[in-house]
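Asks: build me a model:
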Amino acid sequence: MIVGVVLAAGASRRFGAQKLLAPVAGKAVVRWTVERMVASRLDAVIIVLGREADAVQRVLDGLTVRTVRNPRFADGLAASLVAGVDAMPPGSDAAVIALGDQPTVSTAVIDTLIDVWCSRRTSIVAPMYRGVRGNPVLFAHTVFAELRAGRGDRGARDVITRSADRVALVDVDEEMPVDVDEPTDLPAVALKLAAHTSRKER
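Replies: This is a model prediction of the structure:
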């Protein structure tokens, strides 16, 4: 079983409001992200909620996901990562960790990470967007204990960089998913989402 974990519990301090609820191209930021995860070959998807959890959960209505709340979301990204990993079903083989504020994340990239892990069984599979490592990242169950040991806002970064020989890097010939950190990021995200929708309709 390979489970998606979407970290959607951030405090959104730079945005000035709950950025995951911000409308872009007709949907909330977080809904775009989660829909991409649900559309992939993941066996299940877990959403970690924090700030304004009820409101974020409402914009995900109708999606087949499980939500879990992280009361310690103000402690940093690592606390949400721990909450997500702890909520995974017993016996899960791997987790694909995604960020809720990256609405342009690609379903195709998620499926590629799964394919690479199924064929190579490395501890970690990460995408390289035109030479730059990005998200989401797949972690095998063998490193779950390390994910649970994280602290602060570094999330899983230390787990990825700890030993290069256990990381499979996958080249992706496209731009990295856009982070929504400030309101000024939304127009660029809307353009990318519109371009993606246009390609699908052709």
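Asks: quick check: chain neighbours aside, which residue is closest to the residue positioned nearest the centre of the chain?
Replies: Residue closest to the average C-alpha location in the chain (C-alpha atoms, centre = their mean): Ala98, at 1.0 Å. Excluding its sequence neighbours, the residue lying closest to Ala98 (C-beta to C-beta, 6 or more residues apart in numbering) is Pro136, at 3.8 Å. For every residue, glycine as well, the C-beta is placed using N, CA and C.
Asks: so what's the residue count around the one you found?
Replies: By other C-beta atoms under 10 Å, the residues close to Pro136 number 28.
Asks: do the one 10 residues further on as well
Replies: Glu146 has 17 neighbours, counted by other C-beta under 10 Å.
Asks: likewise Gly131?
Replies: Using other C-beta under 10 Å, the number of residues around Gly131 comes to 8.
Asks: so what's the residue nearest to Ala98 up against?
Replies: By C-beta atoms under 8 Å, 6 or more residues apart in numbering, Pro136 lies in contact with 4, 96-99, 105, 109-110, 113, 127.
Asks: ok, these vs Val170, which is closest?
Replies: Distance to Val170 across the contacts of Pro136 (C-beta to C-beta) is lowest for Pro127, with 5.1 Å.
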